[in-house]
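>>> Requesting a structural model of the entry that follows:
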Amino acid sequence: MYNGIGDFMRKLIISDIDGTLACQGGIVSEQNREMVRKLQNNNHYFTIASGRSTVFMAELYKELQIDIPLISSNGAFIGNPHTFETIHLDTFSDYIVKQIVAICLRNNSTFMIYTDQAIIAKNEVANAFLSRFKVVPEGMCIIEYTTAELDNNHKFLKVLVVEGDVDKYDTLKKELSRVEGVSVSQSKSDFIDVGPSNVSKGRAVQFLAEYLGVDLKDVITLGDQDNDTTMIEVAGVGVAMGDAIGSLKQAANYISKDCKEDGFAHAIQTFVFDDVK
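This next block holds a predicted model:
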């Protein structure tokens, strides 16, 4: 598959957000922003891939002037977060969502339900979650959770379960993984991401690369958590941040500097610009 002009080969760079491109409070450093601009100015593809909901990625997508589809909800959605033009969408049924919610309620665990265009949650839960971030996205759509709301023909992409009790976390994760038709991963130490079966960032990277006409050997992915593992494994170059979890470092081709040391920018300089033949 050819994706170049003359001797130039265009690369596709896909970065996780929290703990990779952005550090504490979801803020992207100026050095990382400058590296994104450098990629775009040199005719490379750049986009973001996250466990975040689509609507919670829209503002950053606009700020970074990204012009190709993003990957949200760990790969359930691939498309434009403003127009909702979609090139790939994986959903699960209200029946499955209700099973997940029942487990959360039984364990007194916090949950947020991601749809293609909104988040369904109890108001106090949504407010507590958003308080983790210094910048709250403009136009964020939050729907108050009720049992009846799950019957309103939503396109369900993911349920984020938050459990800060270390003793309960592993047991809850195992119980959720036994629900038929779901995949389970971890995006933060207290987060359990529950999505449709077979959904992963790695599978989404393969879809997006094919859509753009880029060979996987020309794809660079960057991440820091368990839910980044599959996209680290499928890319030509998979990069783990220096402060990533141990299992991701083992899967990666390269371990960069820590997120707070602009590990994203360091890796891109190394593999895109310093590596030019």
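>>> got the residue ranges for the helices in the protein?
30-41, 58-63, 94-106, 123-130, 166-177, 201-212, 229-234, 246-251, 263-268 (DSSP state H).
>>> Tell me how far the residue nearest to residue 179 when sequence neighbours are not counted lies from residue 76.
In space, residue 179 comes closest to residue 99 once its chain neighbours are excluded; the distance is 5.1 Å by CB to CB, 6 or more residues apart in numbering. Where you see a C-beta, it was placed from the backbone N, CA and C, and this is true even at glycine. Noted for residue 99: a distance of 17 Å to residue 76, by CB to CB, to the nearest Å.
>>> higher neighbour count, the two?
Applying other CB atoms under 10 Å to residue 99 and residue 76 shows that residue 76 carries more neighbours, namely 29 against 20.
>>> Tell me the pLDDT of that one.
We have a pLDDT of 97 for residue 76.
>>> Nearest residue to it in space, please, no chain neighbours.
residue 157 (3.9 Å).
>>> residue contacts, the one you found?
If you count contacts by CB atoms under 8 Å, 6 or more residues apart in numbering, residue 157 has them with 53-54, 72-73, 76-77, 89-91, 114-116, 195-196.
>>> out of those, who's nearest residue 241?
Residue 241 lies nearest to residue 72 out of the contacts of residue 157, by CB to CB, at 20.2 Å.
>>> And the contacts of residue 157, which of them are buried?
53-54, 72-73, 76-77, 90-91, 114-116, 195-196 (16 or more other CB atoms under 10 Å).
>>> Out of these, which one has the weakest pLDDT?
residue 116 (88).
>>> Quickly list what residue 78 is bridged to.
residue 71, residue 88 (DSSP bridges).
>>> Tell me how far it lies from residue 104.
In terms of CB to CB, residue 78 sits 27 Å off from residue 104.
>>> who's more crowded, the two?
Per other CB under 10 Å, whichever of residue 78 and residue 104 has more neighbours is residue 78, with 25 against 22.
>>> ok, now which ones touch the more buried one?
69-72, 86-89, 204, 207-208, 211.
>>> Then residue 128?
For residue 128, counting by CB under 8 Å, 6+ apart, the contacting residues are residue 110.
>>> Residue 117 now?
Applying CB under 8 Å, 6+ apart, the residues near residue 117 are 54-55, 84, 141, 155.
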